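Chemist: The following block contains a protein sequence and its predicted model.
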Amino acid sequence: MIRSISFLALCFVCTVSIAQYSVILSQREQAKVIDELLNDRLENLLPSLMKREGIDMWVVISREYNEDPVIKTFLPATWMAARRTTMLVAFDKGSSMEYLAVARYDVGKVFKRAWNPEEQPDQWARLGKIIEERNPKKIAVNKAANWGHTDGLTSNDYDNLIKVLPKKFQSNVISAEKLAVAWLETRTEKEMAIYPHICRIAHEIIAEGFSDKVIQPGVTSSDDLVWWYREKIKELKLDTWFHPSVDIQRESELDNIIRPGDFLHVDFGITYLRLNTDTQEHAYVLKAGETDAPSYLKEAFKKGNRLQDIFTNNFKEGKTGNQVLAESRKQAIAEGITPSIYTHPIGYHGHAAGTTLGMWDLQEGVPVTGDYPLHLNTAYSIELNCTVNIAEWKKDIRVMLEEDAYFDKQGVNYIDGRQTEIILIPKPMPNVK
(Lines give C-alpha, C1' and ligand atoms only; values in the text may rest on other atoms or scores of the structure.)
Protein backbone atom coordinates (compact mmCIF):
# COMPACT_ATOMS: atom_id res chain seq x y z
CA MET A 1 0.00 0.00 0.00
CA ILE A 2 1.42 3.38 -1.02
CA ARG A 3 0.79 6.36 1.20
CA SER A 4 1.97 9.92 1.23
CA ILE A 5 3.36 10.72 4.65
CA SER A 6 5.75 13.28 6.05
CA PHE A 7 9.18 12.25 7.35
CA LEU A 8 8.35 13.26 10.93
CA ALA A 9 5.06 11.39 10.83
CA LEU A 10 6.84 8.33 9.46
CA CYS A 11 9.35 8.43 12.32
CA PHE A 12 6.47 8.61 14.79
CA VAL A 13 4.66 5.68 13.19
CA CYS A 14 7.84 3.55 13.22
CA THR A 15 8.52 4.33 16.88
CA VAL A 16 5.00 3.39 17.94
CA SER A 17 5.05 0.28 15.76
CA ILE A 18 8.32 -1.00 17.20
CA ALA A 19 7.02 -0.40 20.72
CA GLN A 20 4.24 -2.92 20.07
CA TYR A 21 6.70 -5.80 19.88
CA SER A 22 8.39 -7.97 22.47
CA VAL A 23 11.85 -6.70 23.39
CA ILE A 24 14.51 -7.07 20.71
CA LEU A 25 18.07 -6.83 22.01
CA SER A 26 20.68 -4.45 20.68
CA GLN A 27 23.40 -5.89 18.44
CA ARG A 28 25.83 -5.81 21.36
CA GLU A 29 23.40 -7.60 23.66
CA GLN A 30 22.63 -10.16 20.97
CA ALA A 31 26.33 -10.93 20.57
CA LYS A 32 26.65 -11.59 24.30
CA VAL A 33 23.70 -14.00 24.27
CA ILE A 34 24.95 -15.82 21.16
CA ASP A 35 28.37 -16.36 22.69
CA GLU A 36 26.92 -17.58 25.99
CA LEU A 37 24.72 -20.08 24.15
CA LEU A 38 27.65 -21.30 22.05
CA ASN A 39 29.97 -21.74 25.03
CA ASP A 40 27.28 -23.68 26.85
CA ARG A 41 26.78 -25.98 23.85
CA LEU A 42 30.50 -26.66 23.50
CA GLU A 43 30.98 -27.33 27.19
CA ASN A 44 27.81 -29.28 27.96
CA LEU A 45 26.36 -30.67 24.73
CA LEU A 46 29.08 -31.58 22.25
CA PRO A 47 31.01 -33.94 24.60
CA SER A 48 27.93 -36.15 25.04
CA LEU A 49 27.16 -36.15 21.31
CA MET A 50 30.71 -37.20 20.43
CA LYS A 51 30.54 -40.05 22.94
CA ARG A 52 27.14 -41.09 21.57
CA GLU A 53 28.52 -41.30 18.03
CA GLY A 54 31.83 -42.89 19.11
CA ILE A 55 33.99 -40.07 17.73
CA ASP A 56 36.99 -38.73 19.62
CA MET A 57 38.08 -35.99 17.18
CA TRP A 58 36.08 -33.63 14.98
CA VAL A 59 37.99 -31.45 12.54
CA VAL A 60 36.09 -28.57 10.91
CA ILE A 61 37.84 -26.64 8.13
CA SER A 62 36.51 -23.75 6.08
CA ARG A 63 37.87 -21.02 3.87
CA GLU A 64 36.67 -17.42 3.86
CA TYR A 65 33.59 -16.84 1.63
CA ASN A 66 33.08 -20.57 1.21
CA GLU A 67 31.76 -21.29 4.67
CA ASP A 68 30.99 -24.75 5.92
CA PRO A 69 27.43 -24.58 7.36
CA VAL A 70 28.67 -26.16 10.58
CA ILE A 71 31.61 -23.83 11.18
CA LYS A 72 29.23 -20.87 11.26
CA THR A 73 27.67 -22.42 14.36
CA PHE A 74 31.09 -22.61 16.03
CA LEU A 75 32.15 -19.00 15.42
CA PRO A 76 31.74 -16.22 17.99
CA ALA A 77 29.07 -13.62 17.33
CA THR A 78 31.52 -10.99 16.10
CA TRP A 79 32.90 -13.31 13.43
CA MET A 80 30.68 -12.98 10.37
CA ALA A 81 32.56 -15.72 8.51
CA ALA A 82 35.67 -17.85 8.48
CA ARG A 83 38.95 -15.95 8.21
CA ARG A 84 41.41 -17.07 5.53
CA THR A 85 41.49 -20.81 6.23
CA THR A 86 39.89 -21.51 9.60
CA MET A 87 40.63 -24.87 11.22
CA LEU A 88 38.91 -25.98 14.41
CA VAL A 89 39.56 -29.20 16.33
CA ALA A 90 37.34 -30.71 19.03
CA PHE A 91 39.11 -33.59 20.81
CA ASP A 92 37.61 -35.85 23.44
CA LYS A 93 40.46 -36.76 25.78
CA GLY A 94 38.17 -39.06 27.74
CA SER A 95 37.92 -37.13 30.98
CA SER A 96 37.67 -33.71 29.35
CA MET A 97 37.41 -31.90 26.01
CA GLU A 98 40.15 -29.99 24.21
CA TYR A 99 39.20 -27.26 21.75
CA LEU A 100 41.91 -25.97 19.43
CA ALA A 101 42.06 -23.34 16.72
CA VAL A 102 44.79 -23.88 14.14
CA ALA A 103 44.95 -20.13 13.73
CA ARG A 104 46.96 -17.07 14.70
CA TYR A 105 44.48 -16.32 17.50
CA ASP A 106 41.77 -17.83 19.65
CA VAL A 107 38.41 -18.37 17.98
CA GLY A 108 35.96 -17.21 20.62
CA LYS A 109 36.46 -18.15 24.25
CA VAL A 110 36.61 -21.93 23.82
CA PHE A 111 38.79 -22.68 20.79
CA LYS A 112 42.35 -21.82 21.85
CA ARG A 113 45.18 -20.83 19.50
CA ALA A 114 47.37 -23.80 18.56
CA TRP A 115 49.48 -22.46 15.71
CA ASN A 116 52.44 -20.09 15.67
CA PRO A 117 53.28 -19.21 12.03
CA GLU A 118 56.69 -17.93 13.09
CA GLU A 119 57.62 -21.40 14.33
CA GLN A 120 55.77 -23.41 11.66
CA PRO A 121 54.74 -21.40 8.58
CA ASP A 122 52.71 -24.31 7.14
CA GLN A 123 49.22 -24.25 8.69
CA TRP A 124 48.29 -27.64 7.21
CA ALA A 125 51.44 -29.26 8.55
CA ARG A 126 50.60 -27.92 12.00
CA LEU A 127 47.12 -29.44 11.77
CA GLY A 128 48.63 -32.79 10.82
CA LYS A 129 51.01 -32.62 13.79
CA ILE A 130 48.19 -31.79 16.22
CA ILE A 131 46.27 -34.82 15.02
CA GLU A 132 49.30 -37.12 15.19
CA GLU A 133 50.16 -35.99 18.75
CA ARG A 134 46.65 -36.82 19.98
CA ASN A 135 46.43 -40.19 18.25
CA PRO A 136 42.65 -40.20 17.66
CA LYS A 137 40.83 -43.42 16.79
CA LYS A 138 38.31 -41.61 14.58
CA ILE A 139 38.85 -38.30 12.80
CA ALA A 140 35.46 -36.97 11.73
CA VAL A 141 35.22 -34.42 8.91
CA ASN A 142 32.25 -32.73 7.28
CA LYS A 143 32.07 -34.92 4.21
CA ALA A 144 28.58 -36.36 3.83
CA ALA A 145 26.27 -37.91 1.25
CA ASN A 146 22.84 -36.99 2.56
CA TRP A 147 22.64 -33.69 4.45
CA GLY A 148 24.05 -30.64 2.68
CA HIS A 149 24.46 -29.01 6.09
CA THR A 150 27.14 -31.59 6.95
CA ASP A 151 28.99 -31.71 3.62
CA GLY A 152 30.89 -28.45 3.97
CA LEU A 153 34.46 -29.68 3.59
CA THR A 154 35.68 -28.90 0.07
CA SER A 155 37.39 -31.51 -2.07
CA ASN A 156 40.58 -29.46 -2.06
CA ASP A 157 40.67 -29.14 1.72
CA TYR A 158 39.96 -32.85 2.14
CA ASP A 159 42.90 -33.63 -0.13
CA ASN A 160 45.14 -31.26 1.83
CA LEU A 161 44.15 -32.93 5.09
CA ILE A 162 44.94 -36.41 3.82
CA LYS A 163 48.33 -35.23 2.53
CA VAL A 164 49.49 -34.05 5.97
CA LEU A 165 48.28 -37.12 7.85
CA PRO A 166 50.67 -40.03 8.45
CA LYS A 167 49.42 -43.12 6.60
CA LYS A 168 48.34 -44.89 9.78
CA PHE A 169 45.82 -42.08 10.44
CA GLN A 170 44.41 -41.78 6.94
CA SER A 171 42.13 -44.78 7.39
CA ASN A 172 40.78 -43.20 10.60
CA VAL A 173 39.19 -40.33 8.68
CA ILE A 174 35.39 -40.81 8.61
CA SER A 175 32.29 -38.80 7.83
CA ALA A 176 31.03 -36.57 10.65
CA GLU A 177 27.51 -36.68 9.18
CA LYS A 178 25.66 -38.17 12.16
CA LEU A 179 27.62 -36.11 14.68
CA ALA A 180 27.10 -32.90 12.71
CA VAL A 181 23.37 -33.59 12.33
CA ALA A 182 23.14 -34.22 16.08
CA TRP A 183 24.99 -30.96 16.80
CA LEU A 184 22.71 -28.98 14.51
CA GLU A 185 19.40 -30.55 15.51
CA THR A 186 19.78 -30.68 19.30
CA ARG A 187 18.42 -27.71 21.24
CA THR A 188 19.77 -26.94 24.71
CA GLU A 189 17.90 -25.90 27.81
CA LYS A 190 19.30 -22.37 27.51
CA GLU A 191 18.24 -22.11 23.87
CA MET A 192 14.74 -23.26 24.70
CA ALA A 193 14.53 -20.56 27.36
CA ILE A 194 14.80 -17.92 24.60
CA TYR A 195 13.13 -19.68 21.65
CA PRO A 196 9.53 -18.88 22.78
CA HIS A 197 10.42 -15.19 22.75
CA ILE A 198 11.72 -15.47 19.17
CA CYS A 199 8.58 -17.27 18.02
CA ARG A 200 6.46 -14.66 19.81
CA ILE A 201 8.10 -11.88 17.80
CA ALA A 202 7.30 -13.77 14.58
CA HIS A 203 3.68 -14.16 15.68
CA GLU A 204 3.47 -10.46 16.51
CA ILE A 205 4.77 -9.45 13.08
CA ILE A 206 2.27 -11.72 11.34
CA ALA A 207 -0.57 -10.32 13.47
CA GLU A 208 0.26 -6.73 12.59
CA GLY A 209 0.50 -7.56 8.90
CA PHE A 210 -2.88 -9.28 9.09
CA SER A 211 -4.63 -6.15 10.37
CA ASP A 212 -6.19 -2.93 9.15
CA LYS A 213 -3.03 -1.14 10.27
CA VAL A 214 -1.47 -2.55 7.11
CA ILE A 215 -4.29 -3.82 4.88
CA GLN A 216 -6.81 -1.49 3.22
CA PRO A 217 -9.30 -3.87 1.58
CA GLY A 218 -9.80 -3.05 -2.07
CA VAL A 219 -6.43 -1.26 -2.24
CA THR A 220 -3.65 -3.36 -0.69
CA SER A 221 -2.32 -6.22 -2.81
CA SER A 222 -0.77 -9.46 -1.66
CA ASP A 223 2.56 -8.20 -3.06
CA ASP A 224 2.22 -5.03 -0.97
CA LEU A 225 1.78 -7.17 2.13
CA VAL A 226 4.75 -9.40 1.25
CA TRP A 227 7.04 -6.38 0.98
CA TRP A 228 5.58 -4.87 4.15
CA TYR A 229 6.73 -8.01 5.97
CA ARG A 230 10.21 -7.70 4.48
CA GLU A 231 10.45 -4.04 5.48
CA LYS A 232 9.13 -4.75 8.97
CA ILE A 233 11.82 -7.37 9.51
CA LYS A 234 14.51 -4.84 8.58
CA GLU A 235 12.86 -2.10 10.64
CA LEU A 236 13.07 -4.33 13.71
CA LYS A 237 16.75 -5.10 12.95
CA LEU A 238 15.98 -8.76 12.39
CA ASP A 239 16.83 -11.04 9.47
CA THR A 240 14.85 -13.53 7.41
CA TRP A 241 16.02 -16.73 5.79
CA PHE A 242 13.43 -16.71 2.98
CA HIS A 243 11.20 -14.26 1.16
CA PRO A 244 7.68 -14.26 2.68
CA SER A 245 4.65 -15.19 0.61
CA VAL A 246 0.98 -14.17 0.86
CA ASP A 247 -1.78 -16.10 -0.92
CA ILE A 248 -5.46 -15.35 -1.44
CA GLN A 249 -8.21 -17.98 -1.61
CA ARG A 250 -11.70 -16.77 -2.53
CA GLU A 251 -14.92 -17.83 -4.19
CA SER A 252 -13.98 -16.37 -7.60
CA GLU A 253 -10.49 -15.75 -8.92
CA LEU A 254 -9.84 -12.08 -9.67
CA ASP A 255 -6.45 -10.50 -9.05
CA ASN A 256 -4.07 -10.07 -6.14
CA ILE A 257 -5.93 -7.16 -4.51
CA ILE A 258 -7.10 -8.10 -1.02
CA ARG A 259 -10.88 -7.79 -0.72
CA PRO A 260 -13.66 -8.50 1.80
CA GLY A 261 -14.43 -12.20 1.87
CA ASP A 262 -10.85 -13.27 1.15
CA PHE A 263 -9.18 -16.14 3.00
CA LEU A 264 -5.54 -15.09 3.36
CA HIS A 265 -2.44 -17.17 4.03
CA VAL A 266 1.12 -16.09 4.94
CA ASP A 267 4.37 -18.05 5.04
CA PHE A 268 6.91 -16.13 7.09
CA GLY A 269 10.14 -16.61 9.05
CA ILE A 270 12.72 -14.61 10.98
CA THR A 271 16.27 -15.19 12.18
CA TYR A 272 17.23 -13.87 15.61
CA LEU A 273 20.02 -14.94 17.97
CA ARG A 274 21.05 -17.48 15.30
CA LEU A 275 17.73 -19.33 15.64
CA ASN A 276 15.05 -19.43 12.95
CA THR A 277 11.27 -19.48 12.83
CA ASP A 278 8.91 -20.71 10.11
CA THR A 279 5.22 -19.92 10.45
CA GLN A 280 2.10 -20.15 8.29
CA GLU A 281 -1.20 -18.68 9.42
CA HIS A 282 -4.58 -17.66 7.99
CA ALA A 283 -6.78 -14.58 8.15
CA TYR A 284 -10.23 -13.65 6.87
CA VAL A 285 -11.28 -10.22 5.60
CA LEU A 286 -14.71 -9.41 6.97
CA LYS A 287 -17.49 -8.40 4.61
CA ALA A 288 -19.85 -5.56 5.51
CA GLY A 289 -22.06 -6.68 8.38
CA GLU A 290 -19.90 -9.67 9.32
CA THR A 291 -18.41 -10.01 12.77
CA ASP A 292 -16.80 -13.41 12.27
CA ALA A 293 -15.48 -15.69 9.57
CA PRO A 294 -18.07 -17.90 7.85
CA SER A 295 -18.80 -21.17 9.62
CA TYR A 296 -17.61 -23.21 6.62
CA LEU A 297 -14.15 -21.65 6.84
CA LYS A 298 -14.03 -22.13 10.59
CA GLU A 299 -14.93 -25.80 10.20
CA ALA A 300 -12.26 -26.20 7.52
CA PHE A 301 -9.73 -24.60 9.83
CA LYS A 302 -10.62 -27.05 12.62
CA LYS A 303 -9.67 -29.89 10.29
CA GLY A 304 -6.24 -28.32 9.95
CA ASN A 305 -5.87 -28.24 13.75
CA ARG A 306 -7.06 -31.83 13.96
CA LEU A 307 -4.44 -32.90 11.42
CA GLN A 308 -1.79 -31.20 13.55
CA ASP A 309 -2.96 -33.17 16.60
CA ILE A 310 -2.96 -36.50 14.75
CA PHE A 311 0.53 -35.85 13.45
CA THR A 312 2.23 -34.62 16.63
CA ASN A 313 0.61 -37.36 18.75
CA ASN A 314 2.49 -39.90 16.64
CA PHE A 315 5.94 -38.52 17.52
CA LYS A 316 7.95 -41.00 19.53
CA GLU A 317 11.68 -41.19 20.19
CA GLY A 318 13.31 -43.67 17.83
CA LYS A 319 10.56 -43.65 15.24
CA THR A 320 11.66 -42.61 11.79
CA GLY A 321 10.14 -39.69 9.95
CA ASN A 322 8.65 -42.06 7.39
CA GLN A 323 6.96 -44.11 10.14
CA VAL A 324 5.35 -41.02 11.68
CA LEU A 325 4.30 -39.81 8.23
CA ALA A 326 2.66 -43.11 7.27
CA GLU A 327 0.86 -43.52 10.59
CA SER A 328 -0.41 -39.94 10.54
CA ARG A 329 -1.66 -40.07 6.95
CA LYS A 330 -3.45 -43.36 7.57
CA GLN A 331 -5.22 -42.00 10.66
CA ALA A 332 -6.12 -38.69 9.03
CA ILE A 333 -7.58 -40.35 5.94
CA ALA A 334 -9.60 -42.68 8.17
CA GLU A 335 -11.08 -39.58 9.81
CA GLY A 336 -12.06 -38.10 6.46
CA ILE A 337 -9.20 -35.59 6.25
CA THR A 338 -7.20 -35.15 3.03
CA PRO A 339 -3.67 -34.60 4.37
CA SER A 340 -0.36 -33.40 3.02
CA ILE A 341 2.51 -33.40 5.54
CA TYR A 342 5.94 -31.86 4.93
CA THR A 343 7.51 -31.12 8.29
CA HIS A 344 11.18 -30.27 8.78
CA PRO A 345 13.61 -29.62 11.64
CA ILE A 346 14.35 -26.00 12.54
CA GLY A 347 17.03 -24.26 14.56
CA TYR A 348 20.34 -22.96 13.23
CA HIS A 349 18.84 -23.31 9.74
CA GLY A 350 15.29 -22.84 8.52
CA HIS A 351 15.15 -26.13 6.66
CA ALA A 352 17.49 -27.73 9.16
CA ALA A 353 19.32 -31.02 9.53
CA GLY A 354 17.54 -33.89 11.24
CA THR A 355 14.49 -36.06 10.69
CA THR A 356 12.44 -35.21 7.60
CA LEU A 357 8.74 -35.99 8.01
CA GLY A 358 7.36 -35.91 4.48
CA MET A 359 7.78 -33.53 1.56
CA TRP A 360 4.95 -32.04 -0.45
CA ASP A 361 5.88 -34.24 -3.43
CA LEU A 362 6.97 -37.30 -1.39
CA GLN A 363 3.93 -38.26 0.66
CA GLU A 364 4.81 -41.96 0.58
CA GLY A 365 8.11 -41.37 2.36
CA VAL A 366 11.41 -39.54 1.98
CA PRO A 367 14.52 -41.64 1.20
CA VAL A 368 17.39 -41.51 3.70
CA THR A 369 16.54 -38.35 5.68
CA GLY A 370 13.03 -39.70 6.28
CA ASP A 371 14.56 -42.92 7.63
CA TYR A 372 16.52 -40.98 10.25
CA PRO A 373 15.07 -41.57 13.77
CA LEU A 374 13.56 -38.89 15.98
CA HIS A 375 15.74 -37.75 18.86
CA LEU A 376 14.61 -35.90 21.95
CA ASN A 377 15.36 -32.21 22.50
CA THR A 378 14.86 -31.31 18.86
CA ALA A 379 12.72 -28.64 17.21
CA TYR A 380 10.48 -28.85 14.15
CA SER A 381 8.31 -26.67 11.97
CA ILE A 382 5.06 -28.63 12.04
CA GLU A 383 4.19 -27.90 8.42
CA LEU A 384 1.19 -29.47 6.71
CA ASN A 385 -2.09 -28.79 4.95
CA CYS A 386 -5.46 -30.37 4.41
CA THR A 387 -7.69 -29.99 1.38
CA VAL A 388 -11.33 -29.17 2.17
CA ASN A 389 -14.23 -28.78 -0.24
CA ILE A 390 -16.19 -25.58 0.32
CA ALA A 391 -19.67 -26.18 -1.07
CA GLU A 392 -20.54 -22.47 -0.83
CA TRP A 393 -17.62 -21.66 -3.15
CA LYS A 394 -18.04 -24.83 -5.27
CA LYS A 395 -14.30 -25.51 -4.96
CA ASP A 396 -11.58 -26.95 -2.76
CA ILE A 397 -9.39 -24.83 -0.50
CA ARG A 398 -6.27 -25.70 1.42
CA VAL A 399 -5.80 -24.96 5.11
CA MET A 400 -2.03 -24.48 5.27
CA LEU A 401 -0.56 -24.38 8.77
CA GLU A 402 2.95 -24.22 10.14
CA GLU A 403 4.05 -23.67 13.72
CA ASP A 404 7.39 -24.23 15.44
CA ALA A 405 7.42 -26.94 18.09
CA TYR A 406 9.80 -28.70 20.47
CA PHE A 407 10.00 -32.48 20.96
CA ASP A 408 11.17 -33.82 24.31
CA LYS A 409 10.19 -36.57 26.72
CA GLN A 410 6.86 -34.81 27.35
CA GLY A 411 6.00 -35.03 23.64
CA VAL A 412 5.53 -32.25 21.09
CA ASN A 413 4.73 -28.78 22.41
CA TYR A 414 4.36 -25.64 20.32
CA ILE A 415 7.09 -23.23 21.27
CA ASP A 416 4.80 -20.18 21.37
CA GLY A 417 1.45 -21.88 20.89
CA ARG A 418 -0.37 -22.36 17.59
CA GLN A 419 -3.14 -20.66 15.69
CA THR A 420 -6.51 -22.12 16.65
CA GLU A 421 -8.76 -19.34 15.34
CA ILE A 422 -8.75 -17.48 12.05
CA ILE A 423 -7.39 -13.93 12.37
CA LEU A 424 -10.06 -11.36 11.49
CA ILE A 425 -9.44 -8.21 9.44
CA PRO A 426 -10.40 -5.77 10.78
CA LYS A 427 -10.39 -7.04 14.33
CA PRO A 428 -13.91 -6.50 15.74
CA MET A 429 -14.16 -3.69 18.29
CA PRO A 430 -16.09 -4.62 21.43
CA ASN A 431 -17.76 -1.20 21.63
CA VAL A 432 -18.90 -1.11 17.99
CA LYS A 433 -21.77 -3.26 16.69
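Modeler: Thanks, I have the structure now. Numbers count the residues shown, from 1 in each chain.

Chemist: what's the neighbour count on residue 201?
Modeler: Number of residues near residue 201 (other CB atoms under 10 Å) recorded here: 21. The way it works is simple: take the backbone N, C-alpha and C, and place the C-beta from them, glycine included.

Chemist: got it, and residue 393?
Modeler: 17.

Chemist: which residue sits closest to it in space, ignoring its chain neighbours?
Modeler: residue 251 (4.3 Å; CB to CB, 6 or more residues apart in numbering).

Chemist: One more: residue 114?
Modeler: In space, and not counting its chain neighbours, residue 114 is closest to residue 100: 4.1 Å by CB to CB, 6+ apart.

Chemist: avg pLDDT for the helix or strand hosting that neighbour?
Modeler: Assessed by DSSP states H and E, residue 100 sits inside strand 97-101. For strand 97-101, mean pLDDT rounds to 98.

Chemist: buried set for it?
Modeler: Buried residues in strand 97-101, counted by 16 or more other CB atoms under 10 Å: 99, 100, 101.

Chemist: which residues does residue 341 bridge with?
Modeler: residue 384 (DSSP bridges).

Chemist: need the contact list for it.
Modeler: Residues near residue 341 by CB atoms under 8 Å, 6 or more residues apart in numbering: 307, 311, 325, 328, 329, 357, 358, 363, 383, 384.

Chemist: where does the first one land in three-state SS?
Modeler: Of the three states, residue 307 takes helix according to DSSP: H, G, I helix; E, B strand; the rest coil.

Chemist: what number of residues lie near it?
Modeler: By the criterion of other CB under 10 Å, residue 307 has 26 neighbours.

Chemist: How much space separates the nearest residue to it once chain neighbours are set aside from residue 354?
Modeler: In space, and not counting its chain neighbours, residue 307 is closest to residue 386: 5.0 Å by CB to CB, 6+ apart. Per CB to CB, to the nearest Å, residue 386 is found 24 Å from residue 354.

Chemist: Over to the residue lying closest to residue 183 once chain neighbours are set aside. Which of the three states is it?
Modeler: Excluding the flanking residues, the one nearest residue 183 by CB to CB, 6+ apart is residue 49, at 6.0 Å. The three-state assignment at residue 49 reads helix, by three-state DSSP.

Chemist: residues in contact with residue 49?
Modeler: With CB under 8 Å, 6+ apart, residue 49 has these contacts: 179, 182, 183, 186.

Chemist: so who does residue 243 touch?
Modeler: Counting by CB under 8 Å, 6+ apart, residue 243 makes contact with 226, 230.

Chemist: can you list the domain ranges for this protein.
Modeler: 46-184, 188-425 (automatic domain parsing).

Chemist: Quick check: which of these is nearest to residue 21?
Modeler: Relative to residue 21, the nearest member of the domains of the chain by CB to CB is domain 188-425, separated by 5.2 Å.

Chemist: For the spatially closest residue to residue 394 that is not a sequence neighbour, what is the enclosing helix or strand?
Modeler: Nearest residue to residue 394, sequence neighbours excluded (CB to CB, 6+ apart): residue 251, at 8.0 Å. In this structure, residue 251 sits in neither a helix nor a strand according to DSSP H and E.

Chemist: what's the burial count for residue 251?
Modeler: Applying other CB under 10 Å, I find that residue 251 has 14 neighbouring residues.

Chemist: biggest separation within the contacts of residue 341, which pair?
Modeler: Pairwise distances across these peak at 14.4 Å for 329 and 383 (criterion: CB to CB).

Chemist: neighbour count winner among the two?
Modeler: Comparing residue 329 with residue 383 by other CB under 10 Å, the one with more neighbours is residue 383, at 27 against 22.

Chemist: mind listing the strands for the stretch 201-350 of the chain?
Modeler: With DSSP state E, counting those that start in this stretch as the criterion, the stretch 201-350 of the chain has strands at 245-249, 263-268, 271-272, 275-276, 279-285, 338-341, 344-345.

Chemist: among those, which is nearest residue 84?
Modeler: Closest among the strands of the stretch 201-350 of the chain, using CB to CB: strand 271-272, at 26.0 Å.

Chemist: what is the mean pLDDT for that closest one?
Modeler: 98.

Chemist: in which helix or strand would I find residue 144?
Modeler: Short version, using DSSP H and E: residue 144 is in no helix or strand.

Chemist: so what's it up against?
Modeler: Applying CB under 8 Å, 6+ apart, the residues near residue 144 are 150, 151, 175, 176, 177, 180.

Chemist: so what's it scoring on pLDDT?
Modeler: 95.

Chemist: quick one: contacts for the nearest residue to residue 265 once chain neighbours are set aside?
Modeler: Of all residues not flanking residue 265 in the chain, residue 247 sits nearest, at 4.4 Å (CB to CB, 6+ apart). Taking CB under 8 Å, 6+ apart, we find residue 247 in contact with 222, 264, 265, 266, 400.

Chemist: Specify the beta-bridge partners of residue 174.
Modeler: Assessed by DSSP bridges, residue 174 has beta-bridge partners residue 140.

Chemist: where does it land on pLDDT?
Modeler: Residue 174 is assigned 98 on the pLDDT scale.

Chemist: burial count for it?
Modeler: Each residue near residue 174 was counted by other CB under 10 Å, and the total is 17.

Chemist: now do residue 83
Modeler: By other CB under 10 Å, neighbour count at residue 83 equals 15.

Chemist: The one 4 residues further on too?
Modeler: Per other CB under 10 Å, the neighbour tally for residue 87 reads 26.

Chemist: can you tell me which residues contact it?
Modeler: 59, 60, 61, 101, 102, 103, 123, 127.

Chemist: Need these in a markdown table (columns: secondary structure).
Modeler: Below are the contacts of residue 87 laid out as a markdown table (three-state DSSP):
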| residue | secondary structure |
| --- | --- |
| 59 | strand |
| 60 | strand |
| 61 | strand |
| 101 | strand |
| 102 | coil |
| 103 | coil |
| 123 | helix |
| 127 | helix |
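
Chemist: ok, those residues vs residue 370, which is closest?
Modeler: The closest of these, once distances to residue 370 are taken by CB to CB, is residue 60, at 26.7 Å.

Chemist: now that closest one, nearest residue through space, not along the chain?
Modeler: Using CB to CB, 6+ apart, the closest residue to residue 60 is residue 88 (4.6 Å).

Chemist: Could you do residue 426 as well?
Modeler: residue 212 (3.9 Å).

Chemist: count of neighbours near that neighbour?
Modeler: By other CB under 10 Å, neighbour count at residue 212 equals 14.
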